[in-house]
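Chemist: Give me the fold of what follows.
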Amino acid sequence: MPDQAECPICASTSDKQGLDPLDRKVSYSCPVCGRFQITEEAEGEVRRLTEGQKALLSGCVKERSDKGNIAELWTTNLKDLLSTAPTTLNEKLGRLLAQLANRSRFFGNQVRLAPNDRALGYAMNPPEFDAQIRCLAELGWVKILGAMGDGTFFIALTVQGINEIEKMAQNQKEFSNKAFVAMSFNESLNSLYDDHIKTAILAAGYDEPLRVDREHYNDRIDDQIIVGLKQCKFVVADFTFQRNGVYYEAGFAHGQGKQVIMCCPTSEKDNLHFDTNHFNHIVYENGEELRTRLRDRILATIGPGLNYQDFAHGTDRTETVRRSGNT
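Modeler: Now for the predicted structure:
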């Protein structure tokens, strides 16, 4: 039976249950953050975050929980999770609007929002969440059908709100299930790509990634790089051999607002250019390490793709995909 304990993220009274003692990891079911698992070391780090950082982390965990994915928090991925959180009021409102759309079963459906739903807007507290809801109404994106004294709202999306959601989806390519891989075309790296990078992306639930030297085009290859970078959901950039083209593609993707997961072998870590060496790279010793860490980084920062299947605890999905020949 779970015990009652304070959520380390939002301090709400939550159900807490121990997991495998070897992992030193526990599971929380929180009325605000949703379900998540966290190691003892990570729990200590979370409790030292600022209130604003905790609110952002709560929203990240809640988004994953609502999609049926239990977030796993380690000391090594807290920074990555926080990097996916919205940083401006407009971004928070956009995330909240998208969550309301997910909760609406049909146009005109009345949606109930209570103070415990504040993680949907990455809000620090109920007053901020109240202000966010009223702001959505002032923008014309929702209509407030009722407001209770305890902070509960009954709202419905408007036509303007639906149009805004469609615009965001178009601009941000929310429905893209494809990754772009930027790396040297040197033949010595074919195994690194086929057995490890591509396998990790597939294991995270995404389609066969785009690597332009593997495609057949009538247009110039640099034109297709631009098209691929604009259409993909995220980019994996491997800096083996320090190719200028990889730096260019990673920089272009950043300029487009795409998330870029940067990778580099240990042997070349000290050769990274000054304009990228301050980013959090996956530094790896071998392909097996890259495969596992890349899969975990994608799940933590981008989220599972449309093809993702959650395997039992302890199963290495990348290994399963590689053995099955689904590459």
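
Chemist: Quick one: the helices in the stretch 1-150 of the chain, in order.
Modeler: Counting by DSSP state H, counting those that start in this stretch, one finds helices in the stretch 1-150 of the chain at the ranges 40-47, 51-66, 78-83, 89-103, 126-138.

Chemist: May I see those helices organised as JSON lines, with distance to Gln4 added?
Modeler: Glycine gets a C-beta too; all of them are placed from N, C-alpha and C. Converted to JSON lines, those look like this (distance: least, CB to CB, whole Å):
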{"stretch": "helix 40-47", "distance to Gln4": "16"}
{"stretch": "helix 51-66", "distance to Gln4": "19"}
{"stretch": "helix 78-83", "distance to Gln4": "25"}
{"stretch": "helix 89-103", "distance to Gln4": "27"}
{"stretch": "helix 126-138", "distance to Gln4": "21"}
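
Chemist: what's the most buried one of those helices?
Modeler: helix 51-66 (a mean of 22; mean count of other CB atoms under 10 Å).

Chemist: Could you check the angle that helix makes with helix 126-138?
Modeler: On the basis of axes from the mean of the first three to the mean of the last three CA atoms, to 10 degrees, helix 51-66 is oriented at 70 degrees to helix 126-138.

Chemist: on that earlier part again, which among the helices of the stretch 1-150 of the chain is found nearest to Lys230?
Modeler: Lys230 sits nearest to helix 89-103 of all the helices of the stretch 1-150 of the chain, at 19.8 Å, using CB to CB.

Chemist: just checking, what packs against that closest one?
Modeler: Identification of packing neighbours for helix 89-103 by 3 or more CB pairs under 8 Å, 6 or more residues apart in numbering; DSSP states H and E yields helix 51-66, strand 111-113, helix 126-138, strand 153-157, helix 159-172.

Chemist: Redo these as JSON lines? Include distance to Asp194.
Modeler: Formatted as JSON lines, the helices and strands packed on helix 89-103 follow (distance: least, CB to CB, whole Å):
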{"stretch": "helix 51-66", "distance to Asp194": "29"}
{"stretch": "strand 111-113", "distance to Asp194": "46"}
{"stretch": "helix 126-138", "distance to Asp194": "46"}
{"stretch": "strand 153-157", "distance to Asp194": "44"}
{"stretch": "helix 159-172", "distance to Asp194": "30"}
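
Chemist: The helices of the stretch 1-150 of the chain: lowest mean pLDDT?
Modeler: Ranked by mean pLDDT, the helices of the stretch 1-150 of the chain bottom out at helix 78-83, which scores a mean of 77.

Chemist: Contact partners for the closest residue to Asp3 other than its chain neighbours?
Modeler: Spatial nearest neighbour of Asp3, excluding adjacent residues (CB to CB, 6 or more residues apart in numbering): Lys16 at 5.1 Å. Taking CB atoms under 8 Å, 6 or more residues apart in numbering as the criterion, Lys16 is in contact with Pro2, Asp3, Gln4, Ala5, Val26, Ser27, Tyr28.

Chemist: now those: which count as buried?
Modeler: Buried by 16 or more other CB atoms under 10 Å: Val26, Ser27, Tyr28, out of these.

Chemist: Correct me if wrong: Ala137 contacts Ile155.
Modeler: Yes: at 7.4 Å, Ala137 counts as touching Ile155 under the criterion of CB atoms under 8 Å.

Chemist: shared neighbours of these two, anything?
Modeler: Counting by CB under 8 Å, 6+ apart, the common neighbours of Ala137 and Ile155 are Lys143, Ile144.

Chemist: residues contacting Asp150?
Modeler: Ala114, Pro115.

Chemist: Against Arg112, how distant is it?
Modeler: 12 Å (CB to CB, to the nearest Å).

Chemist: same question, Phe241
Modeler: Remark: distance between Phe241 and Arg112 (CB to CB) = 55 Å.

Chemist: Of the helices of the stretch 1-150 of the chain, give the one that comes closest to Thr301.
Modeler: helix 78-83 (4.6 Å).

Chemist: Kindly export that closest one (C-alpha atoms) in CSV.
Modeler: What follows is helix 78-83, C-alpha atoms only, in CSV (Å, rounded to 0.1, in the frame of the first residue of the first chain):
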residue,chain,number,x,y,z
LEU,A,78,16.7,17.2,-14.5
LYS,A,79,18.4,19.9,-16.6
ASP,A,80,17.1,18.3,-19.8
LEU,A,81,13.6,18.2,-18.6
LEU,A,82,13.6,21.8,-17.4
SER,A,83,15.0,22.8,-20.9
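
Chemist: by contact count, what packs against it?
Modeler: helix 40-47, helix 51-66, helix 287-301.

Chemist: May I see the ones you listed organised as TSV, with distance to Ile133 added?
Modeler: As requested, the helices and strands packed on helix 78-83 are exported to TSV (distance: least, CB to CB, whole Å):
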stretch	distance to Ile133
helix 40-47	27
helix 51-66	15
helix 287-301	28
